[in-house]
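>>> sequence and predicted structure, then a few things I'm wondering about:
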Amino acid sequence: MRKVVAFEFLSLDGVAEAPDRFFTAWDDVVDASGTELIATQDAVILGRRSYDEWSGYWPTSDIEPFATFINGVAKYVATSTPLEREWTNTTVIDGDLAGFVRDLKDRPGGDIGVHASISVVQALLAAGVVDELRLAIAPVVVGSGRRLLDGLPAMRLQPTRSLTSPSGYLLVDYHAVE
């Protein structure tokens, strides 16, 4: 069975909204972690807001290896309204998000990534569909903005990796505990 791997950039106080405000220093360790993450994925789940932002940026980006990955990978978008912009390999999720992802997990393939989309990650965590949660935490307190873990039910996570990059970013991975 495929794994669902959710990845988010966070501030130290848990803000995930607009990570470009606080995730400003990249180093080789952060880059290698991202490359490792996408190497096993052949599908990505996005929310509508992330899709709208990303579909306007990534098709012409030369930031590698992510541009090649995201432009070529199968993208599934959680939205209730028609998409305004076309992007290669994009499918709108019809119906229940958690049910769709459970079905997708049962199909052959690699890992299923969930990138950036706060509400999608929250919904999938609450539904118990996420197998791994990977976080890149910036050494900054933002103070305001949507927080990734707000409003979620209690859940246990088992840490599987933790390291600090030379720029001070904490990279932590967790497995969901049933």
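Sure, I can see it.
>>> alpha carbons only for contacts and neighbour counts from here, please
Fine.
>>> strands of this structure, start to end?
Under the criterion DSSP state E, the chain contains strands at 4-11, 41-47, 74-78, 90-93, 111-115, 132-138, 156-164, 170-177.
>>> phi, psi for residue 81 please.
Dihedral angles phi and psi of residue 81 (degrees, to the nearest 10) take the values phi -130, psi 150.
>>> what's the angle from the longest helix that the chain contains to strand 111-115?
Ranked by number of residues, the top helix in the chain under DSSP state H is helix 28-39. Helix 28-39 runs at 130 degrees relative to strand 111-115, counting by axes from the mean of the first three to the mean of the last three CA atoms, to 10 degrees.
>>> taking the centroid of the chain, which residue is nearest it?
residue 115 (2.0 Å; CA atoms, centre = their mean).
>>> which residues does that one contact?
6, 7, 8, 44, 45, 46 (CA atoms under 8 Å, 6 or more residues apart in numbering).
>>> how about a cut-off of 7 Å?
By CA atoms under 7 Å, 6 or more residues apart in numbering, the residues touching residue 115 are 6, 7, 8, 46.
>>> from the strands of the chain, which stretch is densest packed?
Ranked by mean neighbour count under mean count of other CA atoms under 10 Å, the strands of the chain are led by strand 4-11, which reaches a mean of 25.
>>> which other helices and strands contact it?
Applying 3 or more CA pairs under 7 Å, 6 or more residues apart in numbering; DSSP states H and E, we find strand 4-11 packed against strand 111-115, strand 132-138.
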